[in-house]
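> sharing a sequence plus its predicted fold:
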Amino acid sequence: MESSAASSVRFSRRQMLKVGVLGAGMSLGSYLRLSAAKQDAGRSAILVFLGGGPSHQDTFDLKPAAPEEYRGQFSPIATSAAGVEICEHMGKLARRADKYAVIRGITHNLAAHELGTRYLMTGNRPTPVVNYPMYGCVASREFPAAEDLPSFVSIDRPVEGPGYLGPEYGPLSTGEKPRHGQPFRVRGITLGDGLTVEKYRSRRDLLTDIDTAFDGFEDLDDSVRGLDRFSEQAYRIISSRRSRDAFDLSREPDREVDRFGRHDFGQSMMLTTRLIEAGVRFVTVLLDGWDTHADNFNKLGHELLPRFDQSLSALLDRLDEQGRLESTSILVTGEFGRTPKVNNNVGRDHWARAMFALMAGGAVRGSQTIGATDEKAQGPAGDGFTPDDLAASFFHNIGIDPKTEYDSNIGRPITLIRDGEPIRQLFA
């Protein structure tokens with residue numbers, strides 16, 4: 001039987017949830033003990049997600065010999081890689097083709113945004129039985145950052161979640177995209193309302209006795225552990241000069257702002273490089289707007305492709321200049337491609353049977369295209385690749401065995417990527 005002293009510091013689940021929400025300065029020392037894990041200071045990764053489904057045949061898989069209603073309005077241009085052509089609106093990336101590989105002929109059959117995104121962000125076909133973790137959550141578990149840094153940052157919003165790994169490996173989401181000329185406030189990091197670091201530290205110190213109320217922390221349910229994880233992380237980040245500096249884009253000179261672009265995506269990509277430089281292990285950055293059912297060529301040619309071209313080129317250049325490209329694995333993908341035939345609204349609709357991805361950094365050999373689609377970009381020429389193969393390749397490049405097994409909440413071990421295999425040509 002519990003002593004009266006012990007029972008006096010026990011909290012109900014409702015009270016624990018309330019503490020997790022209202023006591024942003026409170027922590028559980030036991031969480032830090034749980035987070036003591038292996039470190040690998042050299043590894044990091046970036047996922048650039050093109051939300052909405054980019055048109056493969058108007059970007060990296062053009063078909064100039066196809067009938068007009070299939071080939072679209074853009075022309076291919078030569079790149080610095082022999083025999084590799086990409087869209088005319090990506091001149092900067094064309095000159096940097098030695099830094100990345102293009103994967104064509106990726107194929108699946110989930111042409112709905114939610115399901116397609118879940119598949120491409122986890123490398124496992126969605127199922128109602130298992131909730132798979134997205135890439136960054138796995139990297140967060142395998143390669144945690146220093147205690148005063150988040151391991152995984154998702155700029156703006158999370159794309160997918162930690163699944164069976166549990167919320168302690170979920171991303172720190174900034175809550176918005178950085179905008180040029182405006183102060184960037186990161187939810188859970190930026191102090192406001194007159195709260196200084198010193199006041200925050202004092203407030204936290206006054207509440208350290210709360211830790212004794214949470215004996216048996218490891219047995220709490222996921223929602224409670226997740227709430228406390230973010231409280232602890234908020235304290236560590238806010239009290240760390242290194243973390244606050246990493247998120248401070250005002251420290252960048254004008255030439256870097258111009259190089260990345262004075263638009264949301266450019267500022268997000270510049271922030272991505274700062275986070276990697278600071279020691280964050282995984283960053284997800286979003287460029288939405290690719291769901292071009294209408295006015296496809298105007299949207300791509302005047303907005304999406306020029307921004308994508310400028311900012312991805314800047315990221316590749318900066319990582320290369322700093323000697324970080326070899327230790328940073330980069331994946332660029334959407335959730336599916338677009339219909340081979342242009343519709344009556346001068347757009348393209350959802351099409352999962354063919355899509356592209358880019359990979360760079362780490363052990364990836366640039367200056368190559370891998371795989372192909374047929375003459376109308378309708379499907380792969382040959383067997384093609386699956387999202388499972390793409391995920392296995394990405395994990396392999398990060399340094400995580402795609403056949404790693406994890407314990408799960410369904411009572412049996414689960415293989416990280418069950419069906420896919422690394423695309424060996426990427427690393428040859």
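Right, received. Where do you want to start?

> report the buried residues of stretch 67-75.
Using 16 or more other C-beta atoms under 10 Å as the test for burial, stretch 67-75 gives 70-72, 74. The C-beta positions use only the backbone N, C-alpha and C, and glycine is treated the same way.

> ends of that stretch, how far apart?
Taking C-alpha to C-alpha, to the nearest Å, the first and last residues of stretch 67-75 lie 13 Å apart.

> which outside residues touch it?
55, 57-58, 62-65, 87-89, 296-297, 300-301, 340-342, 376-377 (C-beta atoms under 8 Å, 6 or more residues apart in numbering).

> quick one: the strands in the protein?
Using DSSP state E, the strands of the chain run over residues 44-49, 76-78, 85-87, 100-106, 152-154, 172-173, 282-286, 328-333, 337-338, 350-351, 355-360, 368-370, 405-406, 414-415.

> next, count neighbours for residue 298.
For residue 298, the count of nearby residues is 13 (other C-beta atoms under 10 Å).

> ok, and the closest non-adjacent residue to it?
In space, and not counting its chain neighbours, residue 298 is closest to residue 346: 7.9 Å by C-beta to C-beta, 6 or more residues apart in numbering.

> around that neighbour, how many other residues sit close by?
15.

> and if you look at residue 282?
With other C-beta under 10 Å as criterion, residue 282 counts 29.

> identify the residues contacting residue 92.
309-310, 313.

> on that earlier part again, mean neighbour count, the strands of the chain: which tops it?
Highest mean neighbour count of these: strand 337-338, a mean of 30 (counted as mean count of other C-beta atoms under 10 Å).

> okay, now the sheet partners of that strand, with direction.
strand 350-351 (antiparallel) (DSSP bridges).

> before we move on, the earlier item: you'd agree the residue nearest to residue 298 is up against residue 292?
No. Assessed by C-beta atoms under 8 Å, residue 346 is found out of contact with residue 292, at 9.2 Å.

> need the residue closest to the centroid of this protein.
residue 284 (2.5 Å; C-alpha atoms, centre = their mean).

> thinking again about what came up before, just checking, which of the contacts of residue 92 belong to helices?
Using DSSP state H, the subset of these located in helices is 309-310, 313.

> reformat the residues you listed as CSV; add neighbour count and pLDDT.
Listed next are the ones in helices among the contacts of residue 92 as CSV, based on neighbours: other C-beta atoms under 10 Å; pLDDT from 0 to 100:
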residue, neighbour count, pLDDT
309, 21, 98
310, 22, 98
313, 22, 98
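
> so which of these would you say is closest to residue 252?
residue 310 (15.3 Å; C-beta to C-beta).

> and residue 155, what does it touch?
Counting by C-beta under 8 Å, 6+ apart, residue 155 touches 173-174, 177-178, 268, 271-272, 283-286.

> in the stretch 1-150 of the chain, where is pLDDT below threshold?
1-42 (pLDDT under 70).
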